[in-house]
Structure formats: structure tokens, C-alpha cells
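Trainee: sequence and predicted structure below; questions after.
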Amino acid sequence: MPVSDAQEKMRVSFDLDEVLFVNPATHKTEKELSFPFNRMYKERLRLGTPELINKLQELGYEVWVYTSSFRSENYIRLLFRHYGVKFDGIVNGTRHQKEVQRGRPQILPQKVPNHYRISLHVDDESVICSYGREFGFDAYQLDAEDDEWKEKIIAKAAEVKRKRELQRKL
């Protein structure tokens, strides 16, 4: 059920490489884009990516990309538009450096999702997922081929949402 405007929507973010962008030799993928777009966008989407993102948004979640890659926000937005996906926010390496690292002398992790009020981040790197406890976000590690990955992420998002709602009531 959609969230009312009075309530803040929970944010779920996804890494790109090895999470949404996968190797077709090791993972099931969405159909390749038609010419000439398949020449501009060489990345292949994990099978079910558009369905999952649209379902999460339908369930009332904001869906973001949070990647350490330096692909432009416009490139990411346009690539996913070809698959019928519109993200609520995009954080790439450039934006992270500018808004999170901001010239601090200590090096922060490649991703700090709670800086953008992201409650759940999906990543393939265990080190990023382990930062969740320290930096205040939940993480779901996804890397291997898994036919039930969409259902697992929806379930994890619901679990995090319930946990956050209980914390707000206390």
C-alpha cells in the first residue's frame, strides 16, 4: 500500500556493478537493448531489475542508485529509461566525493547511504554491507545468481521498514 505524503518514504538504494549490471556469462539478464542503444549502453541488467524497481516504487519506497562508479547521472538515468525505470535519486562517485567526502582528511567508505537518508542499501561488496552498523543503514549483500533475489529484497525492505517504524514509536 502506498505511503501517505505526510509520512517520509523509506529509501532503498542499489549499487550498479555486479548488482544491477551483471555479466551475461554468469547471470541471467534482461534482453539486450536494440540498435543503436546497445552500442551506447553496453551494460546488461540483471534479469528482473525493472520489475523489482517498479514494484518497490509501487509499494511506496523511493528507489535510488548509489554507486562508486563515475558514470554520469544522466547516463544512468537514460540507460534505465530504456527499460521503463525512473530512479528517485542517483549518487555516483562524483556526487559522493563532492557531498560526502567533501575534502575531509579521513577517508570515508565508498558509500555512506545514511548521508542521503537511505535506509536499505543493496550491494555486492561485503565491506560496504559491514559498514551499515557503524554508519546507521541496513544492507543486503547480493552477488551470486539467485532466482529469488527480487522477493528477498522486497522482504528485506519490508523488514527494515517495520524496524524503523517500531523505532519511531519508541
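Mentor: Cool, the structure landed.

Trainee: could you list every helix and strand that the helix ranked longest in the chain packs against?
Mentor: Looking across the chain with DSSP state H, the single longest helix is helix 149-169. With contacts taken as 3 or more C-beta pairs under 8 Å, 6 or more residues apart in numbering; DSSP states H and E, helix 149-169 sits against helix 49-58, strand 118-123, strand 138-141. Quick note: C-beta positions are derived from backbone N, CA and C, even for glycine.

Trainee: got any ranges where this structure has weak pLDDT?
Mentor: 1-7 (pLDDT under 70).

Trainee: the same query, at a cut-off of 90, please.
Mentor: For the chain, the stretches flagged by pLDDT under 90 are 1-9, 101-110, 112, 131-136, 143-145, 164-170.

Trainee: do a quick rundown of the strands in it.
Mentor: In the chain, strands defined by DSSP state E lie at 11-14, 62-66, 89-91, 118-123, 138-141, listed in chain order.

Trainee: check contacts around Arg71.
Mentor: Leu16, Asn92 (C-beta atoms under 8 Å, 6 or more residues apart in numbering).

Trainee: quick one: it and Gly103, what's the gap?
Mentor: 23 Å (C-beta to C-beta, to the nearest Å).

Trainee: dig out what the residue lying closest to Tyr116 once chain neighbours are set aside forms beta bridges with.
Mentor: Using C-beta to C-beta, 6 or more residues apart in numbering and skipping the chain neighbours, the partner closest in space to Tyr116 is Val91 (6.1 Å). In this structure, Val91 bridges to Tyr66 when assessed by DSSP bridges.

Trainee: tell me, how many residues neighbour Val91?
Mentor: For Val91, the count of nearby residues is 22 (other C-beta atoms under 10 Å).

Trainee: over to the one 10 residues further on?
Mentor: When neighbours are defined as other C-beta under 10 Å, Gln101 has 15 of them.

Trainee: let's see stretch 61-76 as PDB, backbone CA atoms only.
Mentor: Listed in PDB are the C-alpha atoms of stretch 61-76, where the atom choice follows Å, rounded to 0.1, in the frame of the first residue of the first chain:
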ATOM      1  CA  TYR A  61       9.600   3.100  -1.500                       C
ATOM      2  CA  GLU A  62      11.900   5.600  -3.100                       C
ATOM      3  CA  VAL A  63      14.500   3.800  -5.200                       C
ATOM      4  CA  TRP A  64      18.000   5.200  -5.700                       C
ATOM      5  CA  VAL A  65      21.200   4.200  -7.300                       C
ATOM      6  CA  TYR A  66      24.300   4.600  -5.100                       C
ATOM      7  CA  THR A  67      27.400   3.700  -7.000                       C
ATOM      8  CA  SER A  68      31.100   4.400  -6.600                       C
ATOM      9  CA  SER A  69      31.400   4.400 -10.400                       C
ATOM     10  CA  PHE A  70      31.900   7.800 -12.200                       C
ATOM     11  CA  ARG A  71      29.200   7.200 -14.800                       C
ATOM     12  CA  SER A  72      27.300  10.400 -15.200                       C
ATOM     13  CA  GLU A  73      23.800  10.700 -13.500                       C
ATOM     14  CA  ASN A  74      22.400  11.400 -17.000                       C
ATOM     15  CA  TYR A  75      23.900   8.300 -18.500                       C
ATOM     16  CA  ILE A  76      22.500   6.100 -15.700                       C
END
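
Trainee: alright, calling it a day.
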